[in-house]
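Engineer: What follows is a protein structure lacking sequence information:
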């Protein structure tokens, strides 16, 4: 399957580690592997969610505890399934294929499983390096990040719920690559329009 796999991880994901590998056809790929036992640990933690939300209800009496618990359980459960994440990533890659300043790496579907996702390898500057760049470049990066996350929600009804700095990088060709689509939801068009009008 793989021609070579580097033994040291190149990144840590929330519930796994990422390794660089090369396929037999010469393509470089990123292989995200879920930590052993993490799914069972997360599911056990979800059993404590009800108690936490009951406490939150005292702070925020209007909170719909049951609906909130179901949403959290559903989204966290989805994040444990890398095949579902791959589906989300393929959808985003299709939307942004050929985009002038946004890249979503393609998924190698034939090698992706429930606990392993394989995608095109991209390399670039992370958040700490970007912070050291000139103001004009930082402004441009900030605008692209904003356009990606809010544009996905408002235009395409695709909500990526994990927009932290580790999930994007500035490539050598000045495009921004976006990664990690585990915490993800397609939202109704009416909800997206309501959010836009509320701004």
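Structural biologist: Right, received. Where do you want to start? Since the structure is predicted, the reported quantities are computational estimates derived from the model, not experimental observations.
Engineer: So which residues of this protein form helices?
Structural biologist: 38-47, 49-59, 65-79, 82-95, 127-131, 135-156, 189-198 (DSSP state H).
Engineer: same for the shortest one, what does it pack against?
Structural biologist: Right, helix 127-131. Counting contacts by 3 or more CB pairs under 8 Å, 6 or more residues apart in numbering; DSSP states H and E, helix 127-131 is packed against helix 135-156, strand 168-171. C-beta: built from backbone N, CA, C; applies to glycine.
Engineer: want to try JSON lines for the ones you listed, with mean neighbour count as columns?
Structural biologist: Converted to JSON lines, the helices and strands packed on helix 127-131 look like this (neighbours: other CB atoms under 10 Å):
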{"stretch": "helix 135-156", "mean neighbour count": "15"}
{"stretch": "strand 168-171", "mean neighbour count": "20"}
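Engineer: what's the burial count for residue 108?
Structural biologist: 19 (other CB atoms under 10 Å).
Engineer: pLDDT score for it?
Structural biologist: At residue 108, the predicted lDDT confidence score is 97.
Engineer: Go through the helices of the chain and pick out the most buried.
Structural biologist: Mean neighbour count (mean count of other CB atoms under 10 Å) peaks for helix 82-95 among these, with a mean of 19.
Engineer: sorry, back to before: could I get the helices of the chain as JSON lines with mean pLDDT?
Structural biologist: Below are the helices of the chain laid out as JSON lines (pLDDT from 0 to 100):
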{"stretch": "helix 38-47", "mean pLDDT": "70"}
{"stretch": "helix 49-59", "mean pLDDT": "69"}
{"stretch": "helix 65-79", "mean pLDDT": "68"}
{"stretch": "helix 82-95", "mean pLDDT": "94"}
{"stretch": "helix 127-131", "mean pLDDT": "96"}
{"stretch": "helix 135-156", "mean pLDDT": "94"}
{"stretch": "helix 189-198", "mean pLDDT": "79"}
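Engineer: looking at those helices, which is closest to residue 23?
Structural biologist: helix 82-95 (16.1 Å; CB to CB).
Engineer: can you state the direction angle for that closest one and helix 135-156?
Structural biologist: Calculated by axes from the mean of the first three to the mean of the last three CA atoms, to 10 degrees, helix 82-95 forms an angle of 100 degrees with helix 135-156.
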